[in-house]
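**Q** predicted model, plus sequence, below.
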Amino acid sequence: MYADVIFPIKLEPLTYRIPDEYGDDIRGRIVYAPLMNKIRHGLVVNLRDETDPELTDAVRSRIKDIVSVHERLASGNHLQFLKWISDYYLTSEGVALKSSFFEEAAAGKPEQHKTRRNRKNTIQCDTVSEESIPALPGAIIEDVVRAVRKKSYSAMLYHAPDIESEYLLALGVLKETGNETGGITLLAPEISVLKKIEPAARAMFGDRLAVLHTGLTKINRRLAVHGILSGKADIVIGTRSAMLAPLPASGFIVVIEEHSPSYKAEEGARYNARDLAVRKAYMDKACVLLMSVCPSVESLYNMRKGKYQRLNILPDTRRPRVRISTHRPGGKKPTSLSPLVISEARAVLQKHEHALFLTGRKGYSLLRCEDCGHIESCGRCETSMVFYKKPGILKCHRCGAEKPVPETCPECGGVSVSTFTAGEDRVREDLELLLKDPSVPPERNIISPSEPAEDEETGLVPYVIGAALKKNSSACGKYSAAILMNMDLLAARPDFRAHERAFQEMIGVAQLVKPEGSIIIQTRSRSSKFLKILRDYDFDAFYDMELIQRREIAYPPFERLVLISVMSRSKDAMPAADLNESAAFSDNKVTLLGPVEVPARSKRYDRCYQIILKSADPKQLRERAKKILAGLEKNKKIKVALDVDPLKI
C-alpha cells in the first residue's frame with residue numbers, strides 16, 4: 001500500500017510506501033517521513049494500492065518508506081474540508097495544513113502544568129453572565145435550536161440590534177443544545193470578544209470547552225488541540241483560526257460580528273473564516289448562524305436570494321442621535337473643529353462625561369501647496385506623508401520613511417505650503433485651547449493622548465482621541481458623545497467597499513455611545529445621500545444603494561474577484577512587458593483589470609503590480625488565475641501573492 005502525504009509547507013502531496021506493520025488504516029493520521037534530507041512530520045490524505053496506474057515501476061523505484069505512524073489528526077470530513085480550502089483559495093494543501101494547528105498536534109500532548117497569566121495579552125472587559133441569557137426573545141432562540149436539532153444544513157442570518165444581543169443569542173443556543181450536540185464552533189473577530197463570552201461558556205461546559213486564539217501560549221494551545229483530538233473537548237470558541245480546529249464533524253457553527261475584516265487571513269491560506277463556516281456547515285450537514293449589528297453586503301444579498309434564512313426584522317432600537325456638521329477650516333483663527341463640535345465638547349466636559357474623537361489619521365496633518373494643490377508624498381511608495389509638528393518631520397505610515405519639512409513646494413516652488421486635514425495631534429492641540437476657557441473646571445483639564453491616563457472615578461478620560469475605532473474596545477455605551485472626523489476620508493477611499501466600511505464603522509461607534517447621547521459627523525459637504533443614510537440609520541436604503549452600484553460595475557456579490565500581487569526588490573526584476581504577456585488573454589467569461597503599479601505594502605519590496613480578475617463563474621475564474629500564476633512563477637526574482645475574494649484592493 002502507498003500513501004499520499006502532505007507537509008505543512010508549500011508543496012503538493014508526495015507518495016510514500018506504507019510498511020506492512022502499520023496496516024492500511026492510516027488516512028488522516030500524522031506520520032514521519034523523509035523529505036529534503038530530513039525526517040519530517042506530515043499528514044496522510046489519501047491511500048493507493050498496487051494497481052494504481054500512476055505507480056509505474058519507474059515511480060515505485062523512487063518511492064521512500066514512511067518512518068513511523070502516530071495519532072489521527074483529521075477525520076474524512078476534515079480532510080475534504082482542507083482539500084476544499086486548497087482548491088478554492090488556490091493554495092497548496094500543505095499551506096492549508098499549516099493553518100490547521102498541525103504543529104501543535106504533531107508536537108505531542110504536553111504535560112499538565114500551571115498556566116501563567118499572559119499579561120501582554122490580558123484584556124480587561126465586561127463579561128456576559130449565564131443569568132442574562134433569557135433577556136433575548138425566546139422565539140429567536142427557539143428558531144435556531146430547532147434548526148440545530150434537525151441535523152441538516154441550514155444557514156441563518158441574525159441582524160442584531162446591539163452587540164450584547166449577539167452574545168446572548170450565541171450563549172442561549174449553546175445552553176439549549178450543548179448537551180445534545182457535539183462539534184460546536186463559535187467564532188469571534190477579536191480576543192476581547194472571546195473574553196466576554198468565555199466565562200459563561202466555561203460555566204456551562206467545563207472541560208468540554210477548548211479556547212483557541214493567538215493570545216494563548218504555545219503550551220496552552222497544544223493542550224487545547226490535544227483536548228479536541230482526544231474527544232474530551234467538543235466545543236471550540238476562538239478567533240478565525242478556530243474554524244480550522246480538528247473537530248471530527250460540526251453540529252453547529254456561530255459567527256459573531258460576521259462582517260468583521262478580522263476574519264480574513266492576510267498570509268498563508270488567505271481564507272475568510274466566515275465563508276469557511278458556511279462551507280463547513282454545508283459539508284457536515286450542520287446549522288451555521290451568522291450575526292452582526294451591520295451585516296456585510298454579501299450576507300445580506302445571500303439572505304435576499306434565499307440562501308440564508310432571515311431570523312428577525314430589526315426592531316426599532318433607541319440609538320444615539322446623529323447630527324451632520326459642515327466645517328471648512330479658515331478664518332483668522334483656523335481650527336479643526338466645527339462650532340457644533342466645540343459646543344458639544346464643552347458640554348461633555350462640564351457634565352463630567354466622556355467624548356470619543358475619531359480623526360482618521362495619526363500625526364498632525366498633511367501638507368498641501370495652496371498654489372498648485374500638491375500634497376507631500378513618499379518618494380518610495382507614493383503614499384501621502386503625515387506631518388508631525390513637534391519633531392518637524394514628514395513620515396510615511398506605509399513604509400516608515402521620514403524626511404524634513406520642505407520650505408517650498410517641490411512641484412511649483414511656491415511658499416504657500418499649509419496644513420491640510422486634521423490628525424490626532426491637531427485635534428488634541430485644538431482641544432487644549434478649548435480647555436483654557438475659564439468656564440471649564442480646572443480639575444477636569446485632561447486630554448487623552450494615544451495612551452491616555454485613566455480617570456480614577458470612571459476609568460475613562462473626558463476626551464479619547466484616536467485615528468480609528470479600536471477593535472478591542474470594551475467601552476460599550478460609556479461615551480456621551482462621539483465625533484467622527486474621518487467619515488469623508490473613509491467614504492472617499494478608492495475601494496468599492498469604502499461606503500460599506502464607513503457605514504459599519506458608524507454603527508460600531510453607535511455601540512459605544514449611550515442611547516441618549518449623540519454622534520456628530522463632521523464633513524466638508526453635507527449634501528451626500530450617503531450622509532443622510534448614516535443620519536437616519538437607514539439599513540435598507542444603504543443596502544439598496546450598494547447593491548445597485550455594485551451590479552452596475554459587476555463587483556461582489558454579483559461577480560467574484562481574484563487579486564494577484566506581483567512584488568520585486570528591483571525595478572528590472574519584473575519588466576512590464578513580461579508582466580503584460582503573462583496576463584494577456586481573451587475570455588468572455590473572465591475580465592482582467594491591470595496590470596497596474598501600486599505602492600508596495602511590504603518594506604522588503606520596492607515595486608508591486610496588481611492584476612484583478614473578476615467573473616460570475618467561479619470555476620472559470622480560478623482556472624484563469626491558475627494559468628496566470630503558473631506563468632508568473634517561472635520568474636524566480638519575484639514574489640507572487642494570490643488572494644481569492646479579497647477585502648483590500
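**A** That came through fine. Residues are numbered from 1 along each chain as shown.

**Q** at the geometric centre of this structure, which residue sits there?
**A** Ser262 (1.7 Å; Cα atoms, centre = their mean).

**Q** how about it, secondary structure?
**A** Three-state call for Ser262 (DSSP: H, G, I helix; E, B strand; the rest coil): helix.

**Q** quick one, what contacts it?
**A** If a contact means Cβ atoms under 8 Å, 6 or more residues apart in numbering, then Ser262 has 189-190, 239-240, 471 as its contacts. The way it works is simple: take the backbone N, C-alpha and C, and place the C-beta from them, glycine included.

**Q** pick out whichever of those residues sits closest to Glu111.
**A** Thr239 (26.3 Å; Cβ to Cβ).

**Q** not counting sequence-adjacent ones, nearest residue to Gly360?
**A** Asn486 (2.6 Å; Cβ to Cβ, 6 or more residues apart in numbering).

**Q** that neighbour: neighbour count?
**A** Neighbour count for Asn486, taken as other Cβ atoms under 10 Å: 23.

**Q** would you mind confirming that it makes contact with Leu356?
**A** No - judged on Cβ atoms under 8 Å, Asn486 makes no contact with Leu356 at a distance of 11.7 Å.

**Q** report the lowest-confidence entry in the contacts of Ser262.
**A** Across the contacts of Ser262, the smallest pLDDT goes to Lys471, namely 56.

**Q** sticking with Leu171, tell me its helix or strand.
**A** According to DSSP states H and E, Leu171 maps onto helix 163-177.

**Q** right, and the helix or strand after that helix?
**A** With elements assigned by DSSP H and E, the helix or strand that comes after helix 163-177 is strand 184-187.

**Q** can you check what angle separates the following helix or strand past that following strand from helix 163-177?
**A** Using DSSP H and E, the helix or strand that follows strand 184-187 in sequence is helix 191-205. Interaxial angle, helix 191-205 versus helix 163-177 (axes from the mean of the first three to the mean of the last three Cα atoms, to 10 degrees): 30 degrees.

**Q** gap between helix 191-205 and the chain center?
**A** 21 Å (Cα atoms, centre = their mean, to the nearest Å).

**Q** point out the other helices and strands that the next helix or strand after that helix packs with.
**A** Toward the C-terminus, helix 191-205 is succeeded by strand 209-212 as the next helix or strand (DSSP H and E). With contacts taken as 3 or more Cβ pairs under 8 Å, 6 or more residues apart in numbering; DSSP states H and E, strand 209-212 sits against helix 191-205, helix 218-229, strand 235-238.

**Q** figure out which of those is closest to Ile6.
**A** When the helices and strands packed on strand 209-212 are compared by Cβ to Cβ, helix 218-229 sits nearest Ile6, at 17.8 Å.

**Q** quick check: mean pLDDT of the closest one?
**A** On average, helix 218-229 scores 94.

**Q** only alpha carbons, please: show it as CSV.
**A** What follows is helix 218-229, C-alpha atoms only, in CSV (Å, rounded to 0.1, in the frame of the first residue of the first chain):
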residue,chain,number,x,y,z
LYS,A,218,2.2,27.5,22.8
ILE,A,219,1.7,25.1,25.7
ASN,A,220,-1.9,26.2,26.2
ARG,A,221,-2.6,26.0,22.5
ARG,A,222,-1.2,22.4,22.4
LEU,A,223,-3.3,21.5,25.4
ALA,A,224,-6.4,22.8,23.7
VAL,A,225,-5.7,21.0,20.4
HIS,A,226,-5.0,17.7,22.2
GLY,A,227,-8.2,18.0,24.2
ILE,A,228,-10.0,18.2,20.8
LEU,A,229,-8.1,15.2,19.4
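
**Q** list the buried residues in that helix.
**A** Residues 219-229 are the ones in helix 218-229 that count as buried (16 or more other Cβ atoms under 10 Å).

**Q** mind checking which helix or strand Leu157 is in?
**A** Under the assignment here (DSSP H and E), Leu157 is part of strand 154-159.

**Q** my guess is Val261 contacts Leu647. True?
**A** You called it Val, but residue 261 is Pro. Yes - between Pro261 and Leu647 there is a contact under Cβ under 8 Å: 5.2 Å.

**Q** between these two, which one's more packed in?
**A** Between Pro261 and Leu647, counted using other Cβ under 10 Å, the more crowded position is Leu647 (18 against 15).

**Q** for the more buried one, what are its contacts?
**A** Residues near Leu647 by Cβ under 8 Å, 6+ apart: 261, 264, 272, 497.

**Q** show me which of these are buried.
**A** Using 16+ other Cβ under 10 Å as the burial test, the contacts of Leu647 include 264, 272, 497 as buried.

**Q** give me the low-pLDDT residue ranges for the chain?
**A** Applying pLDDT under 70 to the chain flags residues 112-137, 330-333, 436-461, 470-475, 575-578.

**Q** how does it divide into domains?
**A** 2-106, 125-310, 321-365+421-548, 560-644 (automatic domain parsing).

**Q** ranking these by burial, who's on top?
**A** Per-stretch averages of neighbours, counted by mean count of other Cβ atoms under 10 Å, single out domain 125-310 among these, with a mean of 20.

**Q** that domain: how far from the chain's middle?
**A** Per Cα atoms, centre = their mean, the centroid offset for domain 125-310 relative to its chain is 16 Å.

**Q** just to revisit the earlier point, now the angle from the strand holding Leu157 to helix 163-177?
**A** Orientation check (the same axes, to 10 degrees): strand 154-159 against helix 163-177 gives 150 degrees.

**Q** residues touching strand 154-159, excluding its own?
**A** Strand 154-159 is contacted from outside by 140, 143-144, 147, 166, 169, 258, 278, 281-282, 287-293, 295, 299-300, 302-303, 307-314, 539, using Cβ under 8 Å, 6+ apart.

**Q** parallel or antiparallel, list what pairs with it.
**A** Sheet pairing for strand 154-159, assigned by DSSP bridges, gives strand 287-292 (parallel), strand 309-310 (parallel).

**Q** so what touches whichever helix or strand comes after the longest one?
**A** So that's strand 287-292. Counting by DSSP H and E, the next helix or strand C-terminal to strand 287-292 is helix 297-304. Contacts to helix 297-304, defined as Cβ under 8 Å, 6+ apart, come from residues 155, 157, 258-259, 274, 290, 292, 295, 308-310, 497, 500, 543, 546-547, 550, 556-557.

**Q** thinking Ala147 is in contact with Cys287, fair?
**A** Yes - contact between Ala147 and Cys287 holds when scored by Cβ under 8 Å: they sit 4.6 Å apart.

**Q** and stretch 500-513, how far out from the chain middle?
**A** Counting by Cα atoms, centre = their mean, stretch 500-513 is centred 16 Å from the centre of its parent chain.

**Q** alpha carbons only: can I get that stretch in CSV?
**A** Presented in CSV, the C-alpha positions along stretch 500-513 are these (Å, rounded to 0.1, in the frame of the first residue of the first chain):
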residue,chain,number,x,y,z
GLU,A,500,-19.7,49.7,3.4
ARG,A,501,-16.7,50.1,5.8
ALA,A,502,-17.7,53.7,6.6
PHE,A,503,-21.3,52.5,7.4
GLN,A,504,-20.0,49.7,9.6
GLU,A,505,-17.7,52.0,11.5
MET,A,506,-20.5,54.4,12.2
ILE,A,507,-22.7,51.6,13.5
GLY,A,508,-19.8,50.3,15.6
VAL,A,509,-19.3,53.8,17.1
ALA,A,510,-23.0,53.9,17.9
GLN,A,511,-22.5,50.8,20.2
LEU,A,512,-20.0,52.8,22.3
VAL,A,513,-22.3,55.8,22.8
